[in-house]
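Q: quick check, what structure comes out for this input:
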Amino acid sequence: MASQSAIKLTKLVERFELEVLNQGKNYDRCLIRADDINRPALQILGFFDYFAPDRIQVIGKVEWTYLNNQSPEERRKCFDAFLEKPIPALILTRSLEPFPELMEMAVKHKRTILRSKEDTSLFIPNFTDWLKARLSPRITRHGVLVDVYGEGVLLMGESGVGKSETAVELVKRGHRLVADDAVEIRHIGTRLVGSAPELIRHYIELRGIGVVDIQQLFGMSAVREDQDINLVVNLEQWNDQVFYDRLGTNEEFTTILDMKIPAITIPIKPGRNLAIIVEVAAMNNRHKRMGYNAAQEFAKQLDAHFEQMMLSSQLDAADDYDEYELSLIHISEPTRPY
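A: Take a look at the predicted model:
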């Protein structure tokens, strides 16, 4: 089940180097749960239908210019109605000067007022992307996430099946480890992004050896912080009673956080090099995403070959029939006397 994330307002202030003009009620304990912002254009005019008070509010040059053309009494009335709502914070961009009426109503309603030096057009996308990345739905899955040729491959399977050993072999072959044992998966827009919990980041556990630090052993190039998940590889012990796909025409998917991810099942058997198989699977998946499907192309060639064989057999049968008819004609013709 996906968990609901939250960010402390103080962490947000520190991350974007915001100036605190007024600390509201519970400033140190205020949590942000909405992953979007609101520019209160209509709210300034007094229209509060469908207003989302749980979002961070941002006032830019446009809103500030409109308010600057209003009388102090009109601004006081506007800010009184606006800051009466339980908003977490109001941010002024472009180092705009706060109106006295704004600060007066902020103190009255105990609301947090912040200020940024950035332009509104730059601040809002950066701010929104940062919020979405940290407040998006997330879930933790048991598995190993590796970056193979730029493809995020999530290795899954029962404990002890060889996921960590396969990951170490892939790292030795030049690929990168993202997470071992526990993979935190976030749904950001149309992507699934996996990362490791901070406590076990860059560590991997191998039975018989123990915990090893991949970054220290193989260097910075052997690890990365996060990676989009493009393919799920299920590892399982070989079972002679199970039919495994040998052509690749049957596409399988695994649903994670309501998103379908391509999935394959690789049976484990002594003598099979899993690292190389995973590499080929990653490259083949990348090929599919670029528009080429080897299994479908092979099936088309087979169909064309069988159609050609059937056409040739039909033509041969037609020729044989014509020769048979000619022989009957010759037999039926009377013999002419000389």
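Q: wait, a strand at D147?
A: Yes. Checked against DSSP: H, G, I helix; E, B strand; the rest coil, D147 lies within a strand.
Q: distance check, it against R224.
A: 6 Å (Cβ to Cβ, to the nearest Å). All C-beta spots, glycine's among them, are computed from the backbone N, C-alpha and C.
Q: shared neighbours, the two?
A: Listed as contacting both D147 and R224 by Cβ atoms under 8 Å, 6 or more residues apart in numbering are 176-178.
Q: just these: which are in strands?
A: Residues of these located in strands (DSSP state E): 176-178.
Q: dump those residues into CSV; add neighbour count, pLDDT and distance to G46 as well.
A: Formatted as CSV, these follow (neighbours: other Cβ atoms under 10 Å; pLDDT from 0 to 100; distance: Cβ to Cβ, whole Å):
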residue, neighbour count, pLDDT, distance to G46
R176, 20, 97, 54
L177, 26, 97, 55
V178, 25, 97, 50
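Q: ok, so of those, who is nearest K269?
A: L177 (24.7 Å; Cβ to Cβ).
Q: OK, contacts around that closest one?
A: Taking Cβ under 8 Å, 6+ apart as the test, what L177 contacts is 144-147, 167, 170-171, 202, 204, 214, 222-224.
Q: repeat for F253
A: So F253 contacts 260-263 (Cβ under 8 Å, 6+ apart).
Q: repeat that for 6 Å
A: 260, 263 (Cβ atoms under 6 Å, 6 or more residues apart in numbering).
Q: so which bits of the host helix or strand of it are buried?
A: Following DSSP states H and E, one finds F253 within strand 252-256. Buried residues in strand 252-256, counted by 16 or more other Cβ atoms under 10 Å: 254, 256.
Q: over to stretch 78-87?
A: So for stretch 78-87, counting by 16+ other Cβ under 10 Å, buried means 78-79, 82-83, 85, 87.
Q: just these: which are in helices?
A: Mapping those onto helices (DSSP state H) picks out 78-79, 82-83.
Q: in a markdown table, list those residues along with pLDDT and distance to V20.
A: Output for those, formatted as a markdown table (pLDDT from 0 to 100; distance: Cβ to Cβ, whole Å):
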| residue | pLDDT | distance to V20 |
| --- | --- | --- |
| C78 | 95 | 22 |
| F79 | 96 | 18 |
| F82 | 96 | 19 |
| L83 | 95 | 16 |
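Q: coming back round to it: what about D147 and R224, which has more around it?
A: Each of D147 and R224 has its neighbours counted (other Cβ atoms under 10 Å); D147 has more, 23 against 19.
Q: contacting residues for the more buried one?
A: Per Cβ under 6 Å, 6+ apart, neighbours of D147: 175-176, 224, 227.
Q: distance-wise, check it relative to L154.
A: Distance from D147 to L154, by Cβ to Cβ: 11 Å.
Q: now do S5, the pLDDT please.
A: What the model reports for S5 is a pLDDT of 79.
Q: which SSE is it in?
A: Per DSSP H and E, there is no helix or strand for S5.
Q: find the nearest non-adjacent residue to it, please.
A: L135 (4.9 Å; Cβ to Cβ, 6 or more residues apart in numbering).
Q: got a pLDDT number for the one you found?
A: The model reports L135 with a pLDDT of 89.
Q: quick one: it and K8 touch, right?
A: No. Between L135 and K8 there is no contact under Cβ atoms under 6 Å: 12.0 Å.
Q: the more surrounded of these two?
A: Per other Cβ under 10 Å, whichever of L135 and K8 has more neighbours is L135, with 19 against 14.
Q: look up how far F123 lies from that one.
A: In terms of Cβ to Cβ, L135 sits 18 Å off from F123.
Q: with N69 instead?
A: 23 Å.
Q: ok, those two, which is more surrounded?
A: F123 (20 against 8).
Q: what's next to the helix or strand where that one lies, contact-wise?
A: Using DSSP H and E, F123 falls within helix 120-135. Around helix 120-135, the neighbours that count as contacts under Cβ under 6 Å, 6+ apart are 5, 7, 35, 60, 93, 116, 188.
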